[in-house]
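Undergrad: have a look at this prediction, sequence included:
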Amino acid sequence: MVLLRFAPSPTGALHLGGLRTALYNHLFAKKHGGKWILRVEDTDAKRYVPGAVDGIRSALAWAGLSYDFGPGLDGPHGPYYQSERLDLYHAYSRRLLDSGHAYRCFCSPDKLTSTRERLARTGSNATYDKACLHLTEEEVARRVRAGEKSIVRLNDENLPERVVPHDIIFGSLRDAHASLPTDPVLLKSDLSPTYHLASVVDDHDMGITHVIRGEEWLPSLPLHLDLYSCLSLKPPQFAHLPILLNPDGSKMSKRNDDVAVLDFMRRGWEPEAVVNWLALAGWGQSPPSSSESTAATQAPDSTTVMMLPELIEQFDLASLTHRRHILDPVKLEYLNKHHLMRSWKSDQGTSFHAHRVHDLVKSCFPSSQYTTPDYIAKVIHVLQGRITNINEVPALAPYFYIDPDYSTPEAQFMRRSLSTNDYRHALDATIRHLEGQPDASGVSDLGVIVHSACDATGLKQKVFMTSLRHALSGMKTGPTIPETIDVVGAERSISRLKEALAANSRAD
């Protein structure tokens, strides 16, 4: 069985890049009948942010990504907080010390800084002079007994032979040891592990088969493979995800609030749309399915509307491009709109969103009596296709909740485009026809009434409809006039038409 892990650090809110990493772990695990773990890498106490773990779990739940094991879901791989696994890291560091693949370094932080500076001045790429590498066992034991602080370093002069690094997405990689620090630190002076030791130990101990993580860890892959070799452990398969970029081409950062998942939650984006958007970011072509086939399978377009089960079915790690990908907010808007429209195909979906946006509508129009969830559902029904984000519902058509504002520049421009006589005739005729058929209901019946009134005036349809649209809404665009009357109600509509006529007379 394949087993994966998503291992965020609780140093802040989960951002889009982290959510995409969790998503790809979820897609791969479910595609292959496996499971995935949420592992919290919380060994850096200085950067720990209280509440961050709860925030990460909430963001994952919002996105519909249910992990199989982790905080709140105990399993055979726990504990799931690295701070509760320190004894394990200490045991593995002793194995490395005993085998000669690691050694204790007693250099103070000040000495290490001066050493780096001295080496840099000489033009050396080394970051440490290995001053403690050749200490005798007796000297090391004496200094440990004396309580001297030390760190544990990997001895990069004593590394076993191993295979060249390979990545599922990036392919064969150059073994870039030169980019690594000299004798990388594995255990800090406070006895907490570095990411490198902890992640290797945990992935082995938990039985992780595939590691899907961000491209930023690609330079560390040679070090991690060295540790697996030094410990005589079989490494998992690796897949490093290309970095996501902002629209301006800059790298996304978790320090920017606008890429936090919580921010997208607050701004009303649909979780299905965000997941869809992230899943298709950088999806290229799937390789041939067999040796007999030479044609690659075309991956979904970046604006293909897909639900999570569809993404799982079509997901293929090998089809991801290794190029960095710009996240286009326009594509999110498109996907969000279509996910909303898909959910509104059922009365249950419309009702769900009406209840969801109810508090926002109520806060925008606190004195209106037309803000019940049932009424909002009617508004959504006639606005669907125009709504990109559910939070737009109050501002997109405020005239459904309160009387139109004829003082806006938009309303005044509409009124100036109409002659006084045409305006009066259109409203008078509509009032008479609506009052003459008080039992009319539904968009179809109202459509017949409105068109009969238009025919009775002899006005061009554009002039007639613009007059009614001004009187009923004060806005140039919106649902059809019959739809608007149906939602507002015949009685309120007649009242608005009469008020608009009165205002027209006062203006004369």
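TA: Great, that's in hand.

Undergrad: who's in contact with His204?
TA: Counting by CB atoms under 8 Å, 6 or more residues apart in numbering, His204 touches 228, 231, 233-234. No exception for glycine: its C-beta is placed from N, CA and C like everyone else's.

Undergrad: distance check, it against Pro8.
TA: For His204, the distance to Pro8 equals 20 Å [CB to CB, to the nearest Å].

Undergrad: how about Ser452?
TA: 64 Å.

Undergrad: higher neighbour count, the two?
TA: Taking neighbours as other CB atoms under 10 Å, Ser452 and Pro8 compare with Pro8 leading, 23 against 14.

Undergrad: let's verify the more buried one: helix, strand, or coil?
TA: Counting by DSSP: H, G, I helix; E, B strand; the rest coil, the backbone at Pro8 sits in coil.

Undergrad: isn't it up against Glu41?
TA: Yes: using CB atoms under 8 Å as the test, Pro8 is close enough to Glu41 to be in contact (6.9 Å).

Undergrad: contacting residues around the closest residue in space to Glu313 that isn't next to it in sequence?
TA: The shortest distance from Glu313 to any non-neighbouring residue, by CB to CB, 6 or more residues apart in numbering, is to Lys31 (7.4 Å). Listed by CB under 8 Å, 6+ apart, the contact set of Lys31 reads 312-313, 315.

Undergrad: ok, Arg47 - how many residues close by?
TA: Arg47, neighbours per other CB under 10 Å, totals 12.

Undergrad: right, and it touches Thr11 too?
TA: Yes: the criterion here is CB under 8 Å, and Arg47 meets it with Thr11 at 4.4 Å.

Undergrad: for this protein, just list every one of the strands.
TA: 3-6, 35-38, 102-105, 151-154, 166-167, 171-172, 185-187, 210-214, 237-241, 244-245, 285-286, 297-298, 325-326 (DSSP state E).

Undergrad: what strands flank the first one, and is each parallel or antiparallel?
TA: I take that to be strand 3-6. strand 35-38 (parallel) (DSSP bridges).

Undergrad: which outside residues touch the partner strand?
TA: Strand 35-38 has contacts (CB under 8 Å, 6+ apart) with 1-7, 25-26, 29, 56-57, 60, 67-71, 73, 75, 77, 80, 206, 208.

Undergrad: what's the spacing between Val144 and Ser108?
TA: Taking CB to CB, one finds Val144 at 16 Å from Ser108.

Undergrad: ok, now Leu233?
TA: When Leu233 is compared with Ser108 (using CB to CB), they lie 33 Å apart.

Undergrad: of the contacts of His204, buried ones?
TA: 228, 231 (16 or more other CB atoms under 10 Å).

Undergrad: now for the contacts of His204: which two are most distant?
TA: The widest separation within the contacts of His204, taken as CB to CB, falls between Leu231 and Lys234 and amounts to 10.1 Å.

Undergrad: any regions of the protein where pLDDT drops low?
TA: Low-confidence segments of the chain, defined by pLDDT under 70, span residues 253-258, 284-299, 507-508.

Undergrad: buried residues, stretch 216-227. List them.
TA: Quick answer for stretch 216-227 (16+ other CB under 10 Å): 217-218, 220-227.

Undergrad: for Val275, state which of those is nearest.
TA: Trp217 (22.9 Å).

Undergrad: now that closest one: closest residue in space that isn't a chain neighbour?
TA: According to CB to CB, 6+ apart, the nearest residue to Trp217 is His240 (6.3 Å).

Undergrad: who does that neighbour bridge with?
TA: Arg213.

Undergrad: what is the burial count for it?
TA: The burial count for His240: 23, using other CB under 10 Å.

Undergrad: likewise the one 4 residues further on?
TA: Applying other CB under 10 Å, we find 21 other residues in the vicinity of Leu244.

Undergrad: that one contacts Arg323, correct?
TA: No: in this structure Leu244 lies outside contact range of Arg323 using CB under 8 Å: 11.4 Å.

Undergrad: residues contacting the nearest residue to Gly207 once chain neighbours are set aside?
TA: Spatially, and ignoring its direct neighbours in sequence, Gly207 is nearest to Leu3 (5.5 Å; CB to CB, 6+ apart). The contact partners of Leu3, taken as CB under 8 Å, 6+ apart, are 29, 34-37, 206-210.

Undergrad: as TSV, the contacts of His204 with distance to Ser93 would be great.
TA: TSV is the format used below for the contacts of His204 (distance: CB to CB, whole Å):
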residue	distance to Ser93
Tyr228	15
Leu231	10
Leu233	14
Lys234	20
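
Undergrad: so which of the contacts of His204 are in helices?
TA: Tyr228 (DSSP state H).

Undergrad: looking at the contacts of His204, spot the one nearest Thr115.
TA: Leu231 (27.9 Å).

Undergrad: neighbours of the residue nearest to Arg143 when sequence neighbours are not counted, just the number please.
TA: Spatial nearest neighbour of Arg143, excluding adjacent residues (CB to CB, 6+ apart): Phe106 at 5.7 Å. Neighbour count for Phe106, taken as other CB under 10 Å: 18.

Undergrad: Phe106 contacts Val152, correct?
TA: No: applying CB under 8 Å, one finds Phe106 not in contact with Val152, separated by 11.0 Å.

Undergrad: so who does the spatially most central residue of the chain touch?
TA: Nearest to the centroid of the C-alpha atoms of the chain, with distances taken as CA atoms, centre = their mean, sits Leu16, at 4.0 Å. Residues in contact with Leu16, defined by CB under 8 Å, 6+ apart, are 244, 252, 259-261, 264, 274, 278, 327.

Undergrad: equivalent analysis for Asn155, please.
TA: 100-103, 133, 183.

Undergrad: how near is it to Cys132?
TA: For Asn155 relative to Cys132 (CB to CB), the value is 11 Å.

Undergrad: Val2 now?
TA: Val2 is 41 Å from Cys132, by CB to CB.

Undergrad: again with Glu410
TA: 75 Å.

Undergrad: looking at those two, which one has more neighbours?
TA: Neighbours were tallied for Glu410 and for Cys132 using other CB under 10 Å; the higher tally belongs to Cys132 (19 against 15).

Undergrad: I figured that one hits Phe106, correct?
TA: Yes: the pair Cys132 / Phe106 is scored as a contact, 5.7 Å apart, by CB under 8 Å.

Undergrad: just list the residues touching the nearest residue to Leu112 once chain neighbours are set aside, thanks.
TA: Using CB to CB, 6+ apart and skipping residues adjacent in sequence, the residue nearest Leu112 is Tyr128, 7.0 Å away. Shown in contact with Tyr128 (CB under 8 Å, 6+ apart): 105, 112, 115-116, 119, 153, 181-183.

Undergrad: no further questions, thank you.
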